[in-house]
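Undergrad: Any chance you could fold what I've pasted below:
(2 chains)
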Amino acid sequence: MIRDITIGQYYPAKSVLHRLDPRVKLVATLLYLISLFLFKNILGYLVTTVFLIAIIKLSKVPFRYIMRGMKPIMMLLLITLLFNLFLTREGDVLFHAWIFTITEGGLRTAILMAIRLVYLITGSSLMTFTTTPNELTDGIESLLKPLNKIHVPVHEIAMIMSIALRFIPILLEETDKIMKAQIARGADLESGNMIQKAKSMVPILVPLFVSAFRRANDLAMAMEARCYRGGDGRTKMKPLHYTGVDRTAYVLVIFYVAAVVIIGRCVPFHVWIF
Amino acid sequence: MSIKIEHLNYVYSAGTAYEKQALKDICLEIPHGEFVGVIGHTGSGKSTLIQHLNGLIRATSGALYYNGENIYEDGYNMKALRNQVGLVFQYPEHQLFEVDVLSDVCFGPKNQGLSKEECEKRAREALKLVGLKEKYYDASPFELSGGQKRRVAIAGVLAMEPQVLILDEPTAGLDPKGRDEILDQIAYLHKKRNLTVILVSHSMDDIAKYADRIIVMNQGEVMYNDVPKKVFAHYKELEQVGLAAPQVTYIMHELKAHGLNVNTEATTIEEAADSIMEVMAHD
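TA: Modelled structure (predicted):
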């Protein structure tokens, strides 16, 4: 039941995207996210769609699997959609009843905003699907290294992140186990009103917290036993090195951003879908 | 009163890269009142199998009958099933959550809809059965030692008074004394209340000592399903799948190889001692 949460998880496959240097993927994702807000016309959507489909194909992550990760954010998506739909007053009125007014502009903004959000999440989850948590934090640590000069504890931040990411599947599994154990003891997690439901969470949350603290303690002890003392003078088992593929990827991403900006802003192309 | 499993299959994470068939075409029958031992290598599917027995996991295909009723039929009362089939998970002490021991043990009976007095009565009985001293009843379960926590957790399931008791490695990580006490207590319950007991364990000696019948799991399939003597006669095959026979089996085979005509089917220390004494007396 709880295993269905796929957002932020690694999906093992053998693809070019999986082999890329994590720094490339981080920078590319950031650029991609910014690029989603740099265009104005419909052609911009076309370019990003083509780019996204190409990346999905390259990643070898099944489309169905990516879509499953969308489920938890459906609510957010719906709320954004409704707000844009009813609160934007622009252009001709298409529908009016009581306090609800839908305008042409509102409908367009709502649909386009929803597409943008879906693209945003698909793009960033593709990064986590193709990058192991360890690679990801290595990449972040390496990219943020310059901040060390102004005394930002970059290594510690990276370590905290990697531990947090590593613990997500462990705690999910633990939750699953505790839920099953309490259901086996007759716990009823589904029926009842809001307050009863919240109360029925206690037998799950208390053991979960206890176990999280226990694991944290064990981990700290194990790190200490292996003489961990922070990032000073620490070397890497797999240092990051750029290769030809990584450079090509950088060029391609820059090319894509340029294409979005030029086509999405400068090409005078107006198609009114409605 | 029995559990019957027909052609049961279970696939984990179907349709993803993690897809794995955990159980393959399982057919089993467990009659009422039997003490069944389940052994198998890590990842052989034993934990998955036992979670099917009280409906926590739904099979991908196949049928499971409890007292003749298919539990996968629409409208089957799963809650009633879970009241009758008690499951003690591995490291059950990790599920404790109440402020004191007695309330924690009461959680199960309370969910069964019993009155407060009845709950407490059952909780006290169960705690007595697992041998926890009365002075701990008001203590926080988190202040107890590992072995005591385990007892409280097992009592939590016993207090529901199930007909079938399933235990997933109830003695993992306990000292030898604690292990024997808990297993003896379970064997006592099995006899006294005529409970069906399904015990998952890695200790061949424990299984040989208590079980009427052994189910050996290997890579999601039932490899052997027979009385201990018959199963442990295959000790060479068991070793090939990462398991072993009780130490007694090895000693008896060794003695036989050295010319002493002992009974190699002995699986417990008592049987072995009898057999050796008998041979010695004849000489």
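
Undergrad: report the longest helix in chain B, please.
TA: What stands out as the longest helix in chain B, according to DSSP state H, is helix B:176-192.

Undergrad: and the residue of chain A found nearest chain B, what is it in contact with?
TA: Across chain A, the shortest distance to chain B (C-beta to the nearest C-beta) belongs to A:Gly186, at 3.1 Å. Every residue, glycine included, has its C-beta placed from N, CA and C. Listed by C-beta atoms under 8 Å, 6 or more residues apart in numbering or on different chains, the contact set of A:Gly186 reads B:79, B:82-83, B:107-108, B:111-112, B:160.

Undergrad: Could you report the neighbour count for the closest residue to it other than its chain neighbours?
TA: Closest residue to A:Gly186 apart from its sequence neighbours, by C-beta to C-beta, 6 or more residues apart in numbering or on different chains: B:Asn111 at 3.1 Å. B:Asn111 sits with 21 neighbouring residues when counted by other C-beta atoms under 10 Å in any protein chain shown.

Undergrad: Was I right to think B:Asn111 contacts A:Ile183?
TA: No - judged on C-beta atoms under 8 Å, B:Asn111 makes no contact with A:Ile183 at a distance of 9.6 Å.

Undergrad: How about residue 22: what's its closest non-neighbour residue?
TA: No chain in the question, so chain A it is. In space, and not counting its chain neighbours, A:Pro22 is closest to A:Gly139: 3.1 Å by C-beta to C-beta, 6+ apart.

Undergrad: Oops, wrong one, chain B.
TA: In this structure, B:Ala22 finds its nearest non-sequential neighbour in B:Thr48, 4.5 Å apart by C-beta to C-beta, 6+ apart.

Undergrad: Would you tell me what the next helix or strand after the helix or strand containing the one you found is?
TA: Under the criterion of DSSP states H and E, B:Thr48 resides in helix B:46-53. As assigned by DSSP H and E, the chain's next helix or strand after helix B:46-53 is strand B:61-66.

Undergrad: Now tell me what touches that next one from outside.
TA: The contact list for strand B:61-66, computed with C-beta under 8 Å, 6+ apart, reads B:2-9, B:25-26, B:52-53, B:70-72, B:81, B:84-85.

Undergrad: from the residues you listed, which would you call buried?
TA: Buried by 16 or more other C-beta atoms under 10 Å in any protein chain shown: B:3-5, B:8, B:26, B:52-53, B:71, B:81, B:84-85, out of these.

Undergrad: what residues does the stretch 1-150 of chain B put near chain A?
TA: Applying C-beta under 8 Å from any C-beta of the partner chain, one finds that the stretch 1-150 of chain B approaches chain A through B:13, B:15-17, B:51, B:54, B:56, B:79, B:82-83, B:86-87, B:89, B:92, B:94-97, B:107-108, B:111-112, B:142.

Undergrad: Tell me which of those residues fall in helices.
TA: Using DSSP H, those in helices are B:51, B:79, B:82-83, B:107-108, B:111.

Undergrad: ok, of these, which come out buried?
TA: Neighbour-count burial (16+ other C-beta under 10 Å) applied to these gives B:51, B:82-83, B:107-108, B:111.

Undergrad: Can you say which two of these are spatially most distant?
TA: Maximum pairwise distance among those (C-beta to C-beta): 19.5 Å, between B:Gln51 and B:Phe107.

Undergrad: Could I get the full set of strands for chain A?
TA: A:93-97, A:100-103 (DSSP state E).

Undergrad: Just send the ones you listed back as a markdown table, with mean pLDDT too.
TA: Putting the strands of chain A into a markdown table (pLDDT from 0 to 100) gives the following:
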| stretch | mean pLDDT |
| --- | --- |
| strand A:93-97 | 75 |
| strand A:100-103 | 78 |
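
Undergrad: most packed of those strands?
TA: Of all those, strand A:100-103 has the most neighbours on average by mean count of other C-beta atoms under 10 Å in any protein chain shown, namely a mean of 16.

Undergrad: Quick check on B:Gln163: phi, psi?
TA: When read as degrees, to the nearest 10, the backbone of B:Gln163 gives phi -80, psi -30.

Undergrad: My read is that it contacts B:Gln84, right?
TA: Yes - the criterion here is C-beta under 8 Å, and B:Gln163 meets it with B:Gln84 at 4.6 Å.

Undergrad: In the stretch 101-250 of chain B, which residue sits nearest chain A?
TA: Among the residues of the stretch 101-250 of chain B, B:Asn111 lies closest to chain A, at 3.1 Å counting by C-beta to the nearest C-beta.

Undergrad: distance of that residue from A:Leu189?
TA: From B:Asn111 across to A:Leu189, the span is 11 Å (C-beta to C-beta, to the nearest Å).

Undergrad: Need phi/psi at the closest residue to B:Asn194 other than its chain neighbours.
TA: With sequence-adjacent residues excluded and distances taken as C-beta to C-beta, 6+ apart, B:Asn194 is closest to B:Gly33, at 5.0 Å. For B:Gly33, the backbone dihedrals are phi 80, psi 10 (criterion: degrees, to the nearest 10).

Undergrad: Verify the contact between B:Gly33 and B:Arg193 for me.
TA: No - counting by C-beta under 8 Å, B:Gly33 stays clear of B:Arg193, with 9.6 Å between them.

Undergrad: mind checking pLDDT for B:Thr16?
TA: pLDDT for B:Thr16: 67.

Undergrad: Sorry, wrong one. I was asking about B:Ala155.
TA: Looking at B:Ala155, the pLDDT reads 94.

Undergrad: now A:Lys60
TA: So A:Lys60 comes in at 89 (pLDDT).

Undergrad: okay, now it: neighbour count?
TA: Residues lying near A:Lys60 (other C-beta under 10 Å) number 17.

Undergrad: how much space between it and A:Phe129?
TA: As judged by C-beta to C-beta, A:Lys60 and A:Phe129 stand 10 Å apart.

Undergrad: Same check on B:Gly45?
TA: Taking C-beta to C-beta, one finds B:Gly45 at 28 Å from A:Phe129.

Undergrad: Could you pick out the residues of the stretch 151-274 of chain A near chain B for me?
TA: Counting by C-beta under 8 Å from any C-beta, the stretch 151-274 of chain A sits next to chain B at A:174, A:177-178, A:180-188, A:202-203, A:206-207, A:210-211.

Undergrad: re earlier: which members of the contacts of strand B:61-66 occur in helices, if any?
TA: B:52-53, B:81, B:84.

Undergrad: Which member of those residues is positioned nearest A:Gly233?
TA: B:His52 (52.6 Å).

Undergrad: Touching, the closest one and B:Ile3? I think so.
TA: No - here B:His52 does not reach B:Ile3: they are 9.7 Å apart, not a contact under C-beta under 8 Å.

Undergrad: Show me which residues of the longest helix along chain A are buried.
TA: For chain A, the helix with the greatest residue count under DSSP H is helix A:154-184. Residues A:154-155, A:157-159, A:162, A:165, A:167, A:171, A:174-175, A:177-184 are the ones in helix A:154-184 that count as buried (16+ other C-beta under 10 Å).

Undergrad: do you know how far the residue lying closest to B:Asp100 once chain neighbours are set aside is from B:Leu144?
TA: Using C-beta to C-beta, 6+ apart and skipping the chain neighbours, the partner closest in space to B:Asp100 is B:Asp138 (5.1 Å). Note on B:Asp138: its distance to B:Leu144, by C-beta to C-beta, is 12 Å.
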